[in-house]
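Undergrad: Task: produce atomic coordinates for the following.
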Amino acid sequence: MKAAQDIILKPIITEQSIDGLPNNKYTFQVAKDANKLEIKAAVEELFNVEVVKVNTVNCRGRQKRMGRFVGTTSSYKKAVVTVNPEPTNAKGTKKADKKRGTIEFFDGMY
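TA: Just a heads-up that it's a prediction; the model follows:
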């Protein structure tokens, strides 16, 4: 199994992704071969939150020109992760293991 850092590559910060923050939807660029279960486990491990839902999109690279030369940007996979807004505590665990309701990196962006 891959490490969580190899699955979640970077956050995607766009107007559309920022509009989803009030609804607890966070957008990440993920590894192309990662499935929804691996993405869910990686986000829960890295950010200590409870993931409710994962939606994925394969984004094709766009065609770019530089003078007479034509090329494409790289393709990537995008995941929109919905997080449970209520902090939860798993059964039989300490209060220190409490899962947060938001991802701290995105706090203050909207």
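Undergrad: for the most centrally placed residue in the chain, what are its contacts?
TA: Centroid check for the chain by Cα atoms, centre = their mean gives Phe28 as the closest residue, at 3.2 Å. Residues near Phe28 by Cβ atoms under 8 Å, 6 or more residues apart in numbering: Ile8, Leu9, Lys10, Pro11, Ile12, Ile39, Val43, Lys78, Ala79, Val81. The C-beta positions use only the backbone N, C-alpha and C, and glycine is treated the same way.
Undergrad: roughly how far apart are the first one and Ile103?
TA: Here the distance between Ile8 and Ile103 works out to 11 Å (Cβ to Cβ, to the nearest Å).
Undergrad: Neighbour count: the two, which is higher?
TA: Higher neighbour count among Ile8 and Ile103: Ile8, with 22 against 19, using other Cβ atoms under 10 Å.
Undergrad: need the next SSE after whichever helix in the chain runs longest, C-terminal direction.
TA: Longest helix in the chain, counting residues (DSSP state H): helix 36-47. Where DSSP states H and E defines the elements, the next helix or strand beyond helix 36-47 is strand 51-59.
Undergrad: What are the contacting residues of that following strand?
TA: By Cβ under 8 Å, 6+ apart, strand 51-59 touches 30, 32, 36, 39-40, 43-44, 75-84.
Undergrad: Tell me which of those residues fall in helices.
TA: Lys36, Ile39, Lys40, Val43, Glu44.
Undergrad: Widest-spaced pair of these?
TA: Spatially, the most separated pair among those is Lys36 and Glu44, at 12.5 Å (Cβ to Cβ).
Undergrad: burial of Asn35, as a residue count?
TA: Other residues near Asn35 come to 12 when the count uses other Cβ under 10 Å.
Undergrad: Backbone torsions only: list them for it.
TA: Backbone torsions for Asn35, taken as degrees, to the nearest 10, come to phi -100, psi 180.
Undergrad: Val49 is in contact with Lys98, correct?
TA: No: in this structure, Lys98 is not within contact of Val49 by Cβ atoms under 8 Å, at 10.6 Å.
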